[in-house]
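# I'd like to go over a predicted model; first the sequence, then the structure.
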Amino acid sequence: MSKKRLIGAAAVLVAVVFVGAGIWYYQTRVQVVSFPVHKGEIISSWNFKGAYSGNDTLIMQANADIAKLTALLGKGEYDDYDLRIGIGNDYGLIGNGAKAYEQYNFAVQIHPEKGLAYANIGNLFNQLGAYESAADAYAKAVAVEGGTLEYHKERLNYLTRQFSTDSARILAAFTDASAQFGDVAEILFIEAQWLTEQGKYEQAIAAWERAKLISPPGRDTSAIDTEIARLQKKL
């Protein structure tokens, strides 16, 4: 082999090794610092129609906000966790899922024990059609900050909508919420509505009755009475 061809082959080998090492580093880093996409689930496109998509004025506002928040990173005036989430939210408004995901994962690195970044990742995955990944993210939000009712509500609203027939998964999520809070009207409303959609009218009635029982004195419960009466006619 000529010296020229040998040098060329060596250069290609070095390039392949370098690129391969870069891919390995990226994948390893993602596995360590990112909240991952569910195994076997593929996101075909990270772009979607955000709330600001198609509105140049709002897109300009979002980009200006991104620049402002980015300039504040590391200054100590605000928690970088909150700044990263704000930047991610702006990217979500303009439909840039990849950048939103990146920013939420930076937030996860800063405070892995906080639930908001995971909940936002769940919302993002849902918009991207990565439904198992979204379920994982909502579950993680509950796992790290189980004492926050809002995360349980987001998880349950999502599961009862997207996985409505997966009773085992949904009942486990209701059990998680019950273990934290006992009977809470907002959770019981979600449970009653899901049970109704599944045709489990007796159980739905029981959930509505529990919700009525814990309602504060003087609160108007006529809507609950109406729903119970409607379901009783279906028995």
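Structure received.

# what's the closest non-adjacent residue to the residue sitting nearest the centre point of the chain?
When C-alpha atoms, centre = their mean is applied to the chain, the residue found nearest the centroid is G122 (1.1 Å). Spatially, and ignoring its direct neighbours in sequence, G122 is nearest to A137 (3.6 Å; C-beta to C-beta, 6 or more residues apart in numbering). C-betas here are computed from N, CA, C, even on glycine.

# got it, and I170?
L159 is the one closest to I170 (C-beta to C-beta, 6+ apart), at 5.1 Å.

# residue contacts, A67?
Not one residue lies near A67 by C-beta atoms under 8 Å, 6 or more residues apart in numbering.

# in the strand or helix carrying it, which residues are buried?
Here A67, judged by DSSP states H and E, is contained in helix 56-72. Within helix 56-72, the residues scored as buried using 16 or more other C-beta atoms under 10 Å are I59, A62, I66, L69.

# secondary structure element holding the residue nearest to G122?
If you go by DSSP H and E, A137 is part of helix 131-144.

# sorry, back to before: I figured the residue nearest to I170 hits A172, correct?
No - L159 is not in contact with A172 according to C-beta atoms under 8 Å; the separation is 9.3 Å.

# please identify which of those two sits among more neighbours.
Each of L159 and A172 has its neighbours counted (other C-beta atoms under 10 Å); L159 has more, 23 against 12.

# did I read that right, the more buried one in a helix?
Yes - secondary structure assignment places L159 in a helix (DSSP: H, G, I helix; E, B strand; the rest coil).

# lovely, talk soon.
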